[in-house]
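what would the 3D arrangement of this be:
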Amino acid sequence: MRIRLSVSRFFGALVIPAICAVATLYFAYYAIWGTRGVLELGRVDGKLAVQKARLAEVKDQRIRLQHRISLLEPGSVDPDMVEELARGQLQDGGPNQVAVPRNAH
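Sure thing, here's the model as predicted:
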């Protein structure tokens, strides 16, 4: 009887620390190897760098397009831009140029 009581106290005293240890290991595992863990941080930083480079390219392209649009605004029309657009749409070229029609579709 005495041994049984001693064993039950021993295991009873280990239940709460064992549960705490398992919970700690669970959270530590996901903090390192989980979907938002430390190892995933490196992969996400790499993807972020690629997306930032793509954003910089798109912003540069947008600035160039805004500049072209500003050249065609009423009151400040750039004659070179008008000529470029007219040649592209009318397929008009110089003496040594060949015009190749493009499909509308």
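
so the residue positioned nearest the centre of the chain is in which element?
Nearest residue to the geometric centre of the chain (Cα atoms, centre = their mean): residue 51, 4.0 Å. Element membership for residue 51 (DSSP states H and E) is helix 38-70.

so which elements touch that helix?
Judged by 3 or more Cβ pairs under 8 Å, 6 or more residues apart in numbering; DSSP states H and E, the packing partners of helix 38-70 are helix 2-33. Yep, even glycine has a C-beta here, placed from its N, CA and C like the rest.

what's the pLDDT at residue 102?
Per-residue confidence (pLDDT) for residue 102: 68.

from residue 86, how far off is residue 73?
17 Å (Cβ to Cβ, to the nearest Å).

domains of the chain?
1-33, 36-75 (automatic domain parsing).

and stretch 55-68, how far out from the chain middle?
Centroid separation between stretch 55-68 and its chain, computed with Cα atoms, centre = their mean, to the nearest Å, is 18 Å.

put the alpha carbons of it into PDB.
The C-alpha trace of stretch 55-68 is given here as PDB (Å, rounded to 0.1, in the frame of the first residue of the first chain):
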ATOM      1  CA  LEU A  55       7.700  46.800 -58.000                       C
ATOM      2  CA  ALA A  56      10.600  49.000 -58.900                       C
ATOM      3  CA  GLU A  57      10.400  47.900 -62.500                       C
ATOM      4  CA  VAL A  58       6.700  48.500 -62.700                       C
ATOM      5  CA  LYS A  59       7.100  52.000 -61.100                       C
ATOM      6  CA  ASP A  60       9.800  52.900 -63.600                       C
ATOM      7  CA  GLN A  61       7.500  51.700 -66.500                       C
ATOM      8  CA  ARG A  62       4.600  53.800 -65.000                       C
ATOM      9  CA  ILE A  63       6.800  56.900 -64.800                       C
ATOM     10  CA  ARG A  64       7.900  56.400 -68.500                       C
ATOM     11  CA  LEU A  65       4.200  56.000 -69.600                       C
ATOM     12  CA  GLN A  66       3.200  59.100 -67.600                       C
ATOM     13  CA  HIS A  67       5.900  61.100 -69.300                       C
ATOM     14  CA  ARG A  68       4.700  59.900 -72.800                       C
END
